[in-house]
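Sequence and predicted structure below; questions after.
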Amino acid sequence: MSEKTMQALVKTAKGEGHVELKDVPVPAIGPGEVLIEVKAAGICGTDLHIYHDEFPYWPPVTLGHEFAGVIAEAGKDVADWKAGDRVVGEPHTLACGKCWLCCSGNRQLCASKRSPGWGIDGCFAKYMRFPNPCLLHRIPDDLDFEEAALVEPAANVVHDVLERGRVNPGDAVAVVGAGPIGLLSAMAAKISGAAKIALLGTDADEEARLPVARMIHGISRVWNVQKEDAVSLMMGLTDGRGADIVVEASGAEDGISLAMQLVRKMGRITAIGLTGKEKIGFPYDVGMRKAVHFYFNMSTSCTSWERAIHIVDARKAEVKLLVTHKGPLDRWEEFFAALEAKKGIKGIFLP
């Protein structure tokens, strides 16, 4: 590597804020590692949670875990990858590989896992060290890097909504939350053959998010829950039964309670949104009386990645509609503020 230093967006210390754009050394790699030149990096809600000290992290650490790039250098013991390969990667680095979770194919839940962006240095930089090449996935040559950077959130949706939530053809689906994960969830439900898809947002989503939701082919209804009675509307849409499956993508206490009202008896709720809180109020008895299946989810499965790459590459998910902010790392404060204020949907850094 000719370059010695690079700019990186770093969470420097514990506490609210403490994020800086800094000059740092270009990472050195070991014999079993690869160095990736980051071509596009997506801003996730987790990055905002880390900014606000609401998610585990080990500072100082370069933020970011949604990336697409090119291998710049491969260690001498890396057999399957070479410089020039176009890749995305699962964020489950440093999982132990030996515990019962790893051995059962669930390394995303390993207690030893330290993912890019919070456990080890991430992708909000020109280069990132990737210590587990087995977690990389090739991307097709015709898939541009900005779209490929959305494979990671798409893989979350594939795992949480399709693999665990099990959307079936003909299902009525309600998606609570109009952020990028909610919008991707609606797209995934459409791909799986859902007959009726309602996406629910709030007044804060009216500027940027709900207009995009109304552009997505296959979404049956878009409702603002602060202006409309979403429960009555869902019952009207489903002949009084309720949604077969509700995707809770807001992470808001009110949204989680609403999901319990929207779902039919013996229906399914699959939760993706993080609250950022230790405890919330939860309508437990409502779920009991309905015998609801409630799925808590965290991150992605290995199988979800190849499926997500296919969905994005085949343009079955209209991911480009979600990108409202893109540019260099030095615009991070502008992008973070806009996304927090829901004046955008997805931000992409082009390091």
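Cool, the structure landed. Residues are numbered from 1 along each chain as shown.

going forward, measure contacts between C-alpha atoms and count neighbours the same way
Fine.

so how far is Glu318 from Met215?
10 Å (Cα to Cα, to the nearest Å).

What ranges in the stretch 1-150 of the chain fall below the confidence cut-off?
1-2 (pLDDT under 70).

mind listing the helices in it by residue range?
45-51, 100-103, 145-148 (DSSP state H, counting those that start in this stretch).

more neighbours, Met215 and Glu318?
Each of Met215 and Glu318 has its neighbours counted (other Cα atoms under 10 Å); Glu318 has more, 18 against 11.

ok, now which ones touch the more buried one?
Going by Cα atoms under 8 Å, 6 or more residues apart in numbering, Glu318 touches 187, 216, 312.

quick one: Phe282 and Val231, what's the gap?
17 Å.

So for these two, which sits in the more crowded spot?
Of the pair Phe282 and Val231, Val231 is the one with more neighbours under other Cα under 10 Å, namely 19 against 13.

Test my guess that that one contacts Leu262.
Yes: counting by Cα atoms under 8 Å, Val231 does reach Leu262; the two are 5.6 Å apart.

Name the nearest of the contacts of Glu318 relative to Val24.
Val312 (32.9 Å; Cα to Cα).

so how far is the helix or strand hosting that closest one off the chain centroid?
Secondary structure assignment for Val312, by DSSP states H and E: helix 302-313. Between the centre of helix 302-313 and the centre of its chain there are 13 Å (Cα atoms, centre = their mean, to the nearest Å).

picking that back up, identify whichever of the helices of the stretch 1-150 of the chain lies nearest to Gly32.
For Gly32, the closest of the helices of the stretch 1-150 of the chain is helix 100-103, at 19.6 Å, according to Cα to Cα.

how far is that closest one from where the chain is centred?
Relative to its chain's centre, helix 100-103 lies at 23 Å (Cα atoms, centre = their mean).

Residue numbering should commence at 15 henceforth.
Yes, from this point I'll number from 15; that puts the last item at helix 114-117.

ok, Phe159 to Ala82 distance?
Distance from Phe159 to Ala82, counting by Cα to Cα: 6 Å.

Between the two, which has more neighbouring residues?
Higher neighbour count among Phe159 and Ala82: Ala82, with 30 against 23, using other Cα under 10 Å.

So what sits opposite the more buried one in the bridge?
On the basis of DSSP bridges, Ala82 is bridged to Ala54.

Val172 against Cys316, yeah?
No: between Val172 and Cys316 there is no contact under Cα under 8 Å: 10.7 Å.

which of the two has more neighbours?
Using other Cα under 10 Å, the more surrounded residue of Val172 and Cys316 is Val172, with 28 against 17.

Could you count how many residues lie near the residue nearest to the more buried one when sequence neighbours are not counted?
Distances taken as Cα to Cα, 6 or more residues apart in numbering put Ser318 closest to Val172, at 5.6 Å, once the chain neighbours are dropped. Other residues within reach of Ser318, judged by other Cα under 10 Å, total 21.

tell me the pLDDT at Ser318?
On pLDDT, Ser318 comes in at 96.
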